[in-house]
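Colleague: The sequence and its predicted three-dimensional model are supplied below.
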Amino acid sequence: MRVNYQEAAPSIDLAGPFKTAMGRFASSLTLITTLDDEGRPHGLAATAFSSVSMDPASALICINRTASASPVIKRSGLFCVNMLQSQHEPICRIFSQPDLRERRFVEGQWRTGAQGIRYLADAQAAIFCEVVQTLEHGTHTVFIGNVLEVITQPLDDPLLYMGGRYRQLQD
């Protein structure tokens, strides 16, 4: 299906074709973790993560404002990006389903890192950030954070998502 925005009438809904196109983009899966005012951990699975700058070291995440962790990140000003390995698929499924919220942070090797944020000890990397800027756009908030701490593990098989399902790299 081809939809040209320039030729499309204002009533044309581009959400469907755009979602289909984005489903063809292979993304690494991450768990974004944070903590609330009482120090309780919160988190969600996400693919919208990117580095921003090396000086200062910074990263961004894009979180749907309807996600329960979104207002928590906004209040705390802190987040951690946990880069998942292929063996983390069961944990990622837990963090992807709101009805399994009580099982988050139960399964897996969780530790406490910078600013008290939980991180997955065997993730390929855990990047702790302090929010320095936010941008509201459409349904999402873009959080830009300066890096506070980085923990890495040996490079392994990343957990990927494409076409509505989990994938692995093939050597």
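Modeller: Alright, I've got the coordinates.
Colleague: which SS state does Q87 fall under?
Modeller: helix (DSSP: H, G, I helix; E, B strand; the rest coil).
Colleague: Helices of this protein, residue ranges please.
Modeller: Listed in chain order, the helices of the chain (DSSP state H) span 15-22, 69-76, 89-96.
Colleague: For E130, which of those is the nearest?
Modeller: Shortest distance between E130 and these, using C-beta to C-beta, is found for helix 69-76: 9.4 Å. In short, each C-beta sits where N, CA and C put it, glycine included.
Colleague: Make CSV from the helices of the chain and add distance to M162 to it.
Modeller: Output for these, formatted as CSV (distance: least, C-beta to C-beta, whole Å):
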stretch, distance to M162
helix 15-22, 10
helix 69-76, 23
helix 89-96, 14
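Colleague: With distance to V106, mean neighbour count and mean pLDDT as extra columns, can I get those helices in JSON lines?
Modeller: JSON lines is the format used below for these (distance: least, C-beta to C-beta, whole Å; neighbours: other C-beta atoms under 10 Å; pLDDT from 0 to 100):
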{"stretch": "helix 15-22", "distance to V106": "31", "mean neighbour count": "11", "mean pLDDT": "90"}
{"stretch": "helix 69-76", "distance to V106": "17", "mean neighbour count": "19", "mean pLDDT": "97"}
{"stretch": "helix 89-96", "distance to V106": "8", "mean neighbour count": "18", "mean pLDDT": "96"}
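Colleague: Tell me which of those sits nearest to Y161.
Modeller: helix 89-96 (8.6 Å).
Colleague: Excluding its own residues, what touches the closest one? List them.
Modeller: Residues outside helix 89-96 that contact it (C-beta atoms under 8 Å, 6 or more residues apart in numbering): 29, 31, 43-45, 84, 100, 103-104, 107-108, 120, 159, 166.
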